[in-house]
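*Asks:* Prediction below, plus the sequence it came from.
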Amino acid sequence: MRKCPKCGKQYDDSWKICIKCNVFLEEAGDRLTQLENQAKQILQEIKEIREGRSTAQKGPGAEVERKEKPQAVKEETAAPKEEDTETRIGKYFLNKVGVISLVAGVAFFVVYTFQYLTPLYKTVVGYIISALLILAGIRIELNPKLKWYGRTLVGGGWALTYFITYAIYHIEATKIIQNQLLDLILLALVVTSMIVHLLRYRSQGVVAVVLFLGYFTAGISDVAYFTLIYITLLAIIAVSLAYKMKWYALPLFSMIATYLTHFIWIEPQMHLIGGPVSMNAAKFWLGFSFLCIYWVVYNAMIFISQPEGERNKNLVISALFLNSFCFGLLGGVALQEIDPALRFNFFIISGLCTAAIAFAGKYAASREHLFTSYMVAAIAFLTAALPFKLEREWVNVLWLVEIPLLTYLSLYCKSGLYRIISWGLALITFIIMLAILPAESMGMSVFGQAVRTRLFVLAVGILCFYAAKLLYKINEQAVAGQRDAGASNLYAFSGTLLFALLTLVEAREYFITLSWALGAFVLFAAGFLLKDRYLRYSALALIAAAILRIAFIDLAGLEAIYRILVFIGFGAILLVVSYIYAKVRGKS
C-alpha cells in the first residue's frame with residue numbers, strides 16, 4: 001500500500017500519484033525514515049547551540065565556518081604578550097625614579113631657594129605643585145596604557161603634600177605654625193587622606209613610593225623629637241596596609257626604611273658623638289625607646305598576619321628575621337656607646353620576649369607556623385648575649401652544646417631553619433676550635449676542678465659533633481629526601497678531625513698512635529652497630545693517619561719499649577677490627 005503524504009489517502013502499489021492532491025505517493029517505511037532523519041538533525045542542531053557552535057548557514061560552508069569560529073574567538077581572547085625587561089624598566093621603574101627625583105628637587109627648591117619669598121608663599125607654591133601632580137596623575141591614569149605612569153604622579157603629589165605639611169613646622173625656612181600638636185594633627189590628616197585615596201589603586205608599588213618619600217623627607221630635615229613619632233606613624237601605616245590588603249612584601253620595605261632612617265639620620269643626632277654621656281642620656285633613651293616601638297609594631301603585624309600560600313609565608317618569616325636582626329644590631333650598637341654592660345641584659349630580655357611570642361603563637365589558632373621561626377630568633381638573641389657576660393672559653397662551650405640541641409629541635413619540629421642555624425654555628429665553632437689549638441693551654445674551673453682549657457673545650461666539641469651525627473642517624477627517617485646527609489657526615493668527620501688534633505697536642509708522644517687506633521676501634525664499633533658507613537670511613541681515616549705516623553715518626557722517634565707497645569697494641573686492634581669486618585660484612 002501507498003499513502004498520500006498530503007491528504008493521507010491510501011492506494012494500492014500500482015498507483016504512483018494521488019488523484020486528489022496530485023502529489024507523489026510514498027511508502028510508510030520511507031516516511032518513517034525521513035522523520036527519523038529530521039529528528040536526528042534537530043537534535044544535532046540543539047546540541048550545537050548548547051555548545052556554542054551553532055551556525056546560521058547550512059551546506060558545505062557551514063562546517064568551514066564552524067571550524068574557523070573557535071580560532072577567531074581564541075585570537076580575540078588571547079592574553080596580551082608578556083612585556084620584556086626593557087619595557088618594564090621603561091614603564092614602571094623610570095617613572096618612579098623620575099617622580100622621586102622631581103619631589104626631592106621640589107623639596108630642596110622650597111627649602112633652600114625662594115630667598116625673596118616669605119614662608120607662607122613658599123608653602124602655597126609647594127601645595128600648588130602637589131595639587132598639579134595629583135590632578136595630572138588622575139587625568140593621565142584614565143588612559144589604560146599610561147595608568148601606572150599616572151599613579152606614580154599621584155603618589156609623588158601626595159608625598160610632596162606630606163613634605164610641605166611637615167616643613168611648615170619643622171623646617172625654619174618654611175615654618176608658619178608654632179604648635180607641635182597642630183603639626184601632628186595636620187600630618188595625621190594628610191597621611192589619612194593619602195592612604196584613603198591610594199587604597200583605591202590596590203598597588204603596593206604606589207604605596208611604597210609614598211612611604212619612601214615620607215622617610216626621605218623626614219631624614220633630610222633637622223631632627224626633632226616628633227620626627228621619631230612620624231617614622232613610627234609611617235611604620236604603623238605600612239603594617240596596617242599589609243594586614244588589610246595582604247601585602248606581605250610592604251613590611252619588608254618599610255622595615256628597611258624605618259631602621260635605616262633611624263640609624264643614618266636620627267641616631268647620630270640623638271647624642272653628641274664624643275660628648276659627655278650624662279648630657280645626652282635623655283635623648284639616647286628616647287631614641288632607644290623608639291627602636292623598641294619599631295620592633296613591637298612589626299612583631300605585632302607578623303603575629304596577627306594570616307598569610308596564604310608558601311610565598312607569603314616566606315615573606316612573613318623573612319620579615320620576622322629581618323626585624324630581629326635590625327633590632328638586635330642597632331640596639332647593641334647604641335648600648336655600646338651609653339653603657340656596654342647593658343648589652344647582656346638587652347639580648348637576654350629580647351630573647352626571652354621572643355621566646356614568649358613563639359609559645360604564644362604555638363597555642364594560638366593559625367599561628368603555629370611562627371613557632372619555629374620565633375624560637376630561632378630567640379635562640380639567636382640568647383646566643384648573642386653569652387659573650388657579654390661569660391668568659392670566652394665558656395661561650396665556646398655553650399655554643400658547642402647548642403649544636404646538638406638545635407639539631408634535636410630541627411628533627412622534633414621538622415624544620416630546616418634550626419638545621420641551618422646549627423650548621424652555621426658548627427662552622428663558626430669548628431674554626432674557633434682550630435684557632436684554639438696553637439694557643440697555650442690555660443686553666444679553667446669546671447665544677448670546682450681545675451682543667452686545661454684546650455683539653456676541656458675540644459673534648460666538649462668532639463662529643464657535641466658526634467652527638468649531632470648520632471641524632472641524625474637515629475632520626476634518619478625524619479630527614480629522608482632532604483639535603484641533610486652531607487651535614488650529618490660532616491659532623492662525623494669534624495668530630496674525628498678534632499679528636500685526632502686533640503690527642504696530637506694533649507697526649508704524650510708514645511700514646512698518640514695508640515689513641516688514634518683506640519678511637520678508630522670505637523668508631524668502627526659505632527659504625528657497625530648503627531650501620532653507618534661514614535663512621536667507618538672516619539675510623540679508616542684514623543687508621544691511615546696512625547699508619548703514616550708509625551712509618552715516619554714512631555719507628556725513629558720512640559724508645560724500644562714504647563715502640564714495642566705501639567706495634568703490639570696497634571696490631572691487635574687492627575686484627576679485632578678485621579675480624580669484625582669478616583663477621584658482619586654484608587649486614588651493614
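*Replies:* Received the coordinates, thanks. Numbers count the residues shown, from 1 in each chain.
*Asks:* drop to CA atoms for contacts and neighbour counts, all remaining ones
*Replies:* Will do.
*Asks:* In the stretch 101-250 of the chain, where is pLDDT below threshold?
*Replies:* By pLDDT under 70, the weakly predicted segments of the stretch 101-250 of the chain are 102-117, 198, 206, 209-210, 213-214, 216-226.
*Asks:* quick one: the helices in it?
*Replies:* 119-140, 147-170, 180-198, 204-219, 225-245, 250-261 (DSSP state H, counting those that start in this stretch).
*Asks:* what's the most buried one of these?
*Replies:* helix 147-170 (a mean of 26; mean count of other C-alpha atoms under 10 Å).
*Asks:* List just the one of the helices of the stretch 101-250 of the chain that sits closest to I293.
*Replies:* helix 225-245 (7.6 Å; C-alpha to C-alpha).
*Asks:* Check which helices and strands that closest one sits against.
*Replies:* Helices and strands touching helix 225-245, by 3 or more C-alpha pairs under 8 Å, 6 or more residues apart in numbering; DSSP states H and E, are helix 204-219, helix 250-261, helix 281-304.
*Asks:* Tabulate the ones you listed (TSV), appending distance to L530.
*Replies:* Output for these, formatted as TSV (distance: least, C-alpha to C-alpha, whole Å):
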stretch	distance to L530
helix 204-219	54
helix 250-261	46
helix 281-304	42
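*Asks:* A525: which of these is closest?
*Replies:* helix 281-304 (48.6 Å).
*Asks:* So for the closest one, what gets flagged as buried?
*Replies:* 283-285, 287-288, 290-291, 294-295, 297-299, 301-303 (16 or more other C-alpha atoms under 10 Å).
*Asks:* By pLDDT, give me the weakest of those.
*Replies:* Model confidence across the buried residues of helix 281-304 bottoms out at K283, which has 74.
*Asks:* quick one: stretch 376-385 to chain centroid distance?
*Replies:* On the basis of C-alpha atoms, centre = their mean, to the nearest Å, stretch 376-385 sits 18 Å off its chain's mean C-alpha point.
*Asks:* Show the average pLDDT along it.
*Replies:* Per-residue pLDDT over stretch 376-385 has a mean of 88.
*Asks:* Equivalent analysis for stretch 350-357, please.
*Replies:* 94.
*Asks:* which residues sit against that stretch?
*Replies:* Residues outside stretch 350-357 that contact it (C-alpha atoms under 8 Å, 6 or more residues apart in numbering) are Y374, M375, A377, A378, I379, A380, F381, L382.
*Asks:* who's in contact with the first one?
*Replies:* Shown here is Y374, whose contacts under the criterion C-alpha under 8 Å, 6+ apart are L320, T354, A355, I357, A358.
*Asks:* How about the last one: what's its closest non-neighbour residue?
*Replies:* Meaning A358. Distances taken as C-alpha to C-alpha, 6 or more residues apart in numbering place F371 nearest to A358, at 4.6 Å, with adjacent residues excluded.
*Asks:* so P438 is in which element?
*Replies:* Following DSSP states H and E, one finds P438 outside all helices and strands.
*Asks:* now V451
*Replies:* strand 449-452.
*Asks:* After that strand, which helix or strand is next?
*Replies:* With DSSP H and E, the next secondary element past strand 449-452 is helix 453-474.
*Asks:* sorry, back to before: R454: which of the helices and strands packed on helix 225-245 is closest?
*Replies:* Across these, closest to R454 is helix 281-304 (C-alpha to C-alpha), at 39.8 Å.
*Asks:* Quick check: longest helix in the chain by residues?
*Replies:* What stands out as the longest helix in the chain, according to DSSP state H, is helix 310-338.
*Asks:* Identify each buried residue in that one, please.
*Replies:* Buried, per 16+ other C-alpha under 10 Å, within helix 310-338: 312-313, 315-320, 322-324, 326-328, 330-332, 334-335, 338.
*Asks:* Just list what it packs against, helices and strands only.
*Replies:* With contacts taken as 3+ C-alpha pairs under 8 Å, 6+ apart, helix 310-338 sits against helix 250-261, helix 281-304, helix 342-362, helix 369-385.
*Asks:* Dump those to CSV, plus distance to Q41.
*Replies:* Formatted as CSV, the helices and strands packed on helix 310-338 follow (distance: least, C-alpha to C-alpha, whole Å):
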stretch, distance to Q41
helix 250-261, 61
helix 281-304, 63
helix 342-362, 67
helix 369-385, 61
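*Asks:* To N489, which of those helices lies closest?
*Replies:* Of these, nearest to N489 by C-alpha to C-alpha is helix 369-385, at 23.4 Å.
*Asks:* Now do the buried residues in the closest one.
*Replies:* Residues 370-385 are the ones in helix 369-385 that count as buried (16+ other C-alpha under 10 Å).
*Asks:* Repeat that for stretch 412-428.
*Replies:* Quick answer for stretch 412-428 (16+ other C-alpha under 10 Å): G416, L417, Y418, R419, I420, I421, S422, W423, L425, A426.
*Asks:* who's in contact with that stretch?
*Replies:* Taking C-alpha under 8 Å, 6+ apart as the rule, stretch 412-428 contacts 372-373, 376, 399-400, 402-404, 406-407, 409-410, 478, 487.
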